[in-house]
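Peer 1: turn this into a model:
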Amino acid sequence: MNIRTIRAIRPGRRDRGAISTFVAITAASLVILLGIVLDLGGRLRVMEQTDALAQEAARAAGQQLDRRALLEGRYQVLPAEAQAAADAYLRPYNLTAHVEFPDPGTVVVRIDSEYHTKLLSLIRIDTLPVHGTGKAVLVHGVTEAENG
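Peer 2: Numbers count the residues shown, from 1 in each chain. Next comes the predicted model:
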């Protein structure tokens, strides 16, 4: 062994503590990555629930038929009653519906909500937006629905 090799092996060199810095940076990065995975997974679960709630609210809204139009052979939803029915369905969940009628036989319900983060709140990301959409199409038929 020569003197350069011995100096390279000796403790007390300037790179002392380099491993500690590396471990600290890696651990912090892993915690942030874990937070992103957990919170985005939680947001995805809330998105699915919000879509399901919007679909059921659209179903409830779509049942508010105009009886006069029905007697004339037309299928039409009463807008004010549909909005009230969707809001009544969503009230226990503290959500409000945005009801739209693209045509007289279709009801679309949109819900805006948010997911409260668990680990990302450590880096001041407290909520993530969540949107849900449901659609109900009025169908008629004796034995089966129309294909559209």
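
Peer 1: from here on, contacts and neighbour counts on C-alpha atoms
Peer 2: Noted.

Peer 1: now Tyr75: how far from Gly62?
Peer 2: As judged by Cα to Cα, to the nearest Å, Tyr75 and Gly62 stand 10 Å apart.

Peer 1: these two - which one has more neighbours?
Peer 2: Between Tyr75 and Gly62, Gly62 has the larger neighbour count (other Cα atoms under 10 Å), namely 26 against 18.

Peer 1: if I pick that one, what's in contact with it?
Peer 2: By Cα atoms under 8 Å, 6 or more residues apart in numbering, Gly62 lies in contact with Val77, Ala82, Thr106, Val107, Ala136, Val137, Leu138.

Peer 1: ok, now with 10 Å
Peer 2: By Cα atoms under 10 Å, 6 or more residues apart in numbering, the contact list for Gly62 reads 56, 76-79, 81-83, 85-86, 105-108, 135-138.

Peer 1: and His131, by the same measure?
Peer 2: For His131, the residues meeting the contact criterion (Cα under 10 Å, 6+ apart) are Val46, Met47, Glu48, Thr50, Asp51, Ala54, Arg110, Ile111, Asp112, Ser113, Glu114.

Peer 1: likewise Val77?
Peer 2: Val77 makes contacts with 61-67, 69-70, 101, 103-107, 138, as judged by Cα under 10 Å, 6+ apart.

Peer 1: again, only using 8 Å
Peer 2: Under the criterion of Cα under 8 Å, 6+ apart, the contact partners of Val77 comprise Ala61, Gly62, Gln63, Gln64, Leu65, Asp66, Pro104, Gly105, Val107.

Peer 1: could you point out the helix or strand that follows the helix or strand of the chain with the lowest mean pLDDT?
Peer 2: When the helices and strands of the chain are compared on mean pLDDT, DSSP states H and E, helix 3-9 comes out lowest with a mean of 56. In the C-terminal direction, the helix or strand that comes right after helix 3-9 (DSSP states H and E) is helix 18-62.

Peer 1: off-centre distance for that next one?
Peer 2: Relative to its parent chain, helix 18-62 has a centroid offset of 9 Å by Cα atoms, centre = their mean, to the nearest Å.

Peer 1: same question, stretch 72-86
Peer 2: With Cα atoms, centre = their mean as the basis, stretch 72-86 stands 28 Å off its chain's centre.
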